[in-house]
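1. Attaching a predicted model along with its sequence, questions to come.
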There are 2 protein chains.
Amino acid sequence: MVSERSYKIGELARMFGVTPRAIRYYEELGLLESEDRDGPEHRRYSERNAIRIKRIQQLKDYGLTLSEISELFELARRDRSGVAVRESLASKYRSRLEDARKRREALDAYIDDLSWHVEQLERVQDFFECPGASCAHCRWSERCDVRLLVSSGA
Amino acid sequence: MVSERSYKIGELARMFGVTPRAIRYYEELGLLESEDRDGPEHRRYSERNAIRIKRIQQLKDYGLTLSEISELFELARRDRSGVAVRESLASKYRSRLEDARKRREALDAYIDDLSWHVEQLERVQDFFECPGASCAHCRWSERCDVRLLVSSGA
DNA sequence: TGTAAATTGACCTTTAACGTAAGGTTGTCC
DNA sequence: GGACAACCTTACGTTAAAGGTCAATTTACA
């Protein structure tokens, strides 16, 4: 049986567009395992660990933190069937999804508000004639945007 | 002429739901001006400055940083007509708006992806039989989610 | 045997908007 | 005039993830 190909840290770094430091950091967190060394020899990583870097990047892109990724990997180590891992991952994803949907709602409202304000700010004359407390434009304040700004400069 | 009502720092803090420290900080940044004091007397803020706190909160909610708000106020101080301020504010808002729209696009894509993954993860059997490189589910990776996770745990 | 690449360890970075602690002072009410 | 809360200044601390950046060696490959 031919021994599997192994990678040096710099190779991996180039392959995945990260720095050696990052890879060492991943190992420090228990996300990767280099082959056993006695003393400060150069690290060697198996193909399996190379793939894991990709995996880490993917999960990171999906918003998991390194420590969550670490948990997942640990779970996978204990639960070889993959069931618990799958459930854990699905649960994390669902939670992220919920957050994301809330963020999107907030973002939509924000975009609406901001568009409205931009429109109003572009309508110069109207604004200058803002009647104050009774101003129809003043949705979110007792006085509208410009008026307040101007009056706050005195 | 009756002298205008003035506020103590703690009053303002209670009125706007902030801490005295925050108000002092705003003053330190030049966003507020307390009445002249000789020595370490208690600060007194005019009505105008009270309104400004509200204004600061509004602009903050719209995503401006304190330093941007500071710029705006400074601009308002120099440009009494309000034109430059209005343009500056509109420009900042537009820029925020553009950012927000980009964020929303990214967020939408993220939500799509995540939903897809959750669906797949909930379909247990399919996943366990993932054929690897040719797996139809594997949109973003050479191997699909669970398979990779399981294999990375060994 | 030269030198590029790797090693460990330890501290540093980013970032805004305050928080917190300490020790002293002021203002107001009774 | 005294109690006491509220206030003052100064100055450092917080948050926090994911590495960055020395610095002084050591290893590994050609």
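-> Now that the structure is in, tell me what you want to look at. Fair warning: this is a prediction, and the values are worked out from it, not measured in the lab.

2. Now the phi/psi pair for A:Pro40, please.
-> phi -80, psi 60 (degrees, to the nearest 10).

3. Give me the neighbour count for it.
-> Neighbourhood size, A:Pro40 [other C-beta atoms under 10 Å in any protein chain shown]: 6. Quick note: C-beta positions are derived from backbone N, CA and C, even for glycine.

4. Over to A:Tyr93?
-> By other C-beta under 10 Å, the residues close to A:Tyr93 number 25.

5. Is it correct that it is in contact with A:Leu59?
-> No. Using C-beta atoms under 8 Å, A:Tyr93 makes no contact with A:Leu59, being 9.9 Å away.

6. From A:Ser34, how far off is the most centrally placed residue in chain A?
-> By C-alpha atoms, centre = their mean, chain A has its centre lying nearest to A:Gly63, at 4.1 Å. According to C-beta to C-beta, to the nearest Å, A:Gly63 stands 27 Å off from A:Ser34.

7. Check A:Gln58 too.
-> Taking C-beta to C-beta, one finds A:Gln58 at 21 Å from A:Ser34.

8. And the two? Which one has more around it.
-> A:Ser34 (19 against 15).

9. give me every residue that touches the residue nearest to that one when sequence neighbours are not counted.
-> In space, and not counting its chain neighbours, A:Ser34 is closest to A:Arg43: 3.9 Å by C-beta to C-beta, 6 or more residues apart in numbering or on different chains. If you count contacts by C-beta atoms under 8 Å, 6 or more residues apart in numbering or on different chains, A:Arg43 has them with A:8-9, A:24, A:27, A:34-35, A:37.

10. Restricted to buried residues, select those in ChimeraX.
-> Buried residues within the contacts of A:Arg43, by 16 or more other C-beta atoms under 10 Å in any protein chain shown, are selected in ChimeraX with:
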select /A:9,27,34
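
11. From what I see, the residue nearest to the centre of chain A and A:Arg96 are in contact.
-> Yes. Counting by C-beta under 8 Å, A:Gly63 touches A:Arg96, with 5.0 Å between them.

12. overlap in contacts of the two?
-> With C-beta under 8 Å, 6+ apart as the test, A:Gly63 and A:Arg96 reach no residue in common.
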